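**Student:** model the following, please.
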Amino acid sequence: MIDWLQHSTGGLLTLSALSIALLLAMIIRWKVEPFIALIIVGLLVALAAGVPVETLVGSAQKASESLLEKGFGGILGHVAAIIGLGTLLGAVLEASGGAEVLTRSLLRAFGEKRAPLAMGLAGLIFGVPVFFDIGIFVLAPLVYVAAKRSGRSIVLYAMPLLAGLSVMHAFMPPHPGPVAAAGLLGVELGWIIVMALAVAIPSWFVGGVLFSSWAGKRLDVPVPEEMLAAAEKARGDQAKGEPPLGLVLGIIAVPLVLILAGTFGSILLERGSLPYGVLTFFGTPAVALTIAVLLAFWLLGFRRGMTREQVTELSGASLRPVAMILLVVGAGGFFGAVLAATGVGKVLATSLSDLGLPMIALAYVISCGLRIAQGSATVAIVTTTGIVAPVLEGLDYSQPQLALVVMAIASGSIIASHVNDGGFWIVSRYFGLSVKETLQTWTVLETILSVVGFVVAALLSLVV
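**Tutor:** Below you'll find the predicted structure:
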């Protein structure tokens, strides 16, 4: 039995199926933290597949070459600085009032009739540096006020904003999902940014503009009065000392421009030349984000009256939630390393290839299944990437093609948000929607964003 499990195709496939079933059971049924579940399942799969203990965990004298430490360290070395710096950048932009400046400027520019479009663009732009839930916390008061003044359904204003925040969180660095997938598959973040824009904008337009307009006219949900009162008070408190719009947009653009310049400079310039070295250095994601964070601290923080103590407190508070994300990403890296080392990954790769589906479609289907089953987009991304990585190793995929696979995985990770997803309850609570109304609007919106994102990625994969 053990020999069959460790060396036969059927045994290894059974082992992979049992590992995923156990992982889902631990997260869904037994409420185990995802990063702990990933470690436990990874260890059990490795032992069941016959991986020597020293290979798996090392020894008391040396553990640095073990699967456990290399799996964790290999991915965290790539993503930890990027996610941490991106979080700091978003925190400074939020605390300085940059989100309000951006949204109010768009509302003035587009006028009352096109206010839903302005909210959607605000979500799209501000969604680059801030996490999805933070974007809701900061921008929801502006949704309340705009909806109340127009006398129309809050759905008409909330859904475009949510669509913008969601697609940026799913597809665009420095958010954890795409950064983690890029690190696990070895994709340059410049290509991730290019493909993210190509996939996110059409998805946002279909879901955040077309569907949201349709849903907002058919589902009349008034603004909760208690939320409106709090929003008006917050707007009064934040009315002084807001930063210029150009400064906010410039700081958001700095890391994106530098990373793109580094990526395409490495293609167009002669290796070893001075311009090549300069663009490579400043285009390294960690360096680009460090520059953006320092600019934000100085221009939006210290120059606008923040003390060192306030900046320190802001940094500490913003980085605390990142710890759990990094642990999940690291554990996912370990799980993927185990699948590769045990041979489960290669057997799974062969079996998936035999299905005849394109790799990008397989990645999407697996990610969708994991997302619907356990709710966490990050867990869906890191687990799916660990499963498909051995398949991709045997294929001669270019950087743009790998970036599109990441987009497919990210698309699957946001499909059909429902009651097992924390984002579902945040949306329901902040916009005064019942469970039924949230399913009719937010769940459908996320599914549209997912499907359109995958379709665009699949079409692009035919031409790159």
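**Student:** now for the one helix or strand Ala158 maps to, which elements pack on it?
**Tutor:** Applying DSSP states H and E as the criterion places Ala158 in helix 155-171. If contacts are counted by 3 or more Cβ pairs under 8 Å, 6 or more residues apart in numbering; DSSP states H and E, helix 155-171 sits against helix 115-126, helix 132-150, helix 176-185, helix 189-204, helix 212-218, helix 399-412, helix 444-461. In this view, the C-beta of every residue, glycine as well, is placed from N, C-alpha and C.
**Student:** helix or strand with the lowest mean pLDDT in the protein?
**Tutor:** Scoring the helices and strands of the chain by mean pLDDT, DSSP states H and E places helix 225-237 at the bottom, with a mean of 59.
**Student:** now the helix or strand following that helix against helix 189-204, angle please.
**Tutor:** Towards the C-terminus, the helix or strand next in line after helix 225-237, according to DSSP H and E, is helix 245-268. Counting by axes from the mean of the first three to the mean of the last three Cα atoms, to 10 degrees, helix 245-268 lies at 130 degrees to helix 189-204.
**Student:** pull the CA atoms of helix 245-268 into CSV?
**Tutor:** What follows is helix 245-268, C-alpha atoms only, in CSV (Å, rounded to 0.1, in the frame of the first residue of the first chain):
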residue,chain,number,x,y,z
LEU,A,245,-4.4,65.9,-6.2
GLY,A,246,-1.3,66.0,-8.4
LEU,A,247,0.9,65.0,-5.5
VAL,A,248,-1.3,62.1,-4.6
LEU,A,249,-1.4,60.8,-8.1
GLY,A,250,2.4,61.3,-8.6
ILE,A,251,3.3,59.3,-5.5
ILE,A,252,1.0,56.4,-6.6
ALA,A,253,2.6,56.5,-10.1
VAL,A,254,6.2,56.5,-8.9
PRO,A,255,6.7,52.8,-8.2
LEU,A,256,4.6,51.7,-11.2
VAL,A,257,6.7,53.8,-13.6
LEU,A,258,10.0,52.8,-12.1
ILE,A,259,9.2,49.1,-12.2
LEU,A,260,7.9,49.3,-15.8
ALA,A,261,11.1,51.2,-16.8
GLY,A,262,13.2,48.5,-15.2
THR,A,263,11.4,45.7,-16.9
PHE,A,264,11.4,47.2,-20.4
GLY,A,265,14.9,48.7,-19.9
SER,A,266,16.2,45.2,-19.4
ILE,A,267,14.8,44.2,-22.8
LEU,A,268,15.7,47.3,-24.8
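**Student:** how about it: buried residues?
**Tutor:** 247-248, 251-252, 254-256, 258-263, 265 (16 or more other Cβ atoms under 10 Å).
**Student:** same question for stretch 457-464.
**Tutor:** Ala457, Ala458, Leu460, Ser461.
**Student:** what does that stretch rub up against?
**Tutor:** Residues outside stretch 457-464 that contact it (Cβ atoms under 8 Å, 6 or more residues apart in numbering): 195, 198-199, 358, 360-361, 364, 398, 400-401, 404, 407-408, 411.
**Student:** could you list the buried residues of the longest helix seen in the chain?
**Tutor:** Across the chain, the longest stretch assigned as helix under DSSP state H is helix 67-95. Neighbour-count burial for helix 67-95 flags 67-76, 78-95 (criterion: 16+ other Cβ under 10 Å).
**Student:** quick one: list the elements packing against the helix or strand just after it.
**Tutor:** Proceeding C-terminally, helix 67-95 gives way to helix 98-110 as the next helix or strand, assigned by DSSP H and E. Here helix 98-110 touches helix 115-126, helix 132-150, helix 245-268, going by 3+ Cβ pairs under 8 Å, 6+ apart.
**Student:** closest to Pro52 out of these?
**Tutor:** Nearest of the helices and strands packed on helix 98-110 to Pro52, taken as Cβ to Cβ: helix 245-268 at 39.5 Å.
**Student:** next one: the closest one to chain centre, how far?
**Tutor:** 19 Å (Cα atoms, centre = their mean, to the nearest Å).
**Student:** give me the contacts around it.
**Tutor:** For helix 245-268, the surrounding residues in contact (Cβ under 8 Å, 6+ apart) are 89, 93, 96, 98, 101-102, 105, 125-126, 128-129, 173-174, 188-191, 193-194, 275-276, 279-285, 287-289, 291-292, 295-296, 299-300.
**Student:** go again with 7 Å.
**Tutor:** Applying Cβ atoms under 7 Å, 6 or more residues apart in numbering, the contact partners of helix 245-268 are 93, 98, 101-102, 105, 125, 128-129, 188-191, 193, 275-276, 279-280, 282-285, 288-289, 291-292, 295-296, 299-300.
**Student:** ditto for stretch 280-292
**Tutor:** By Cβ under 7 Å, 6+ apart, the residues outside stretch 280-292 that reach it are 81-82, 85-86, 89, 173-174, 189, 251, 254-255, 258-259, 261-263, 265-266.
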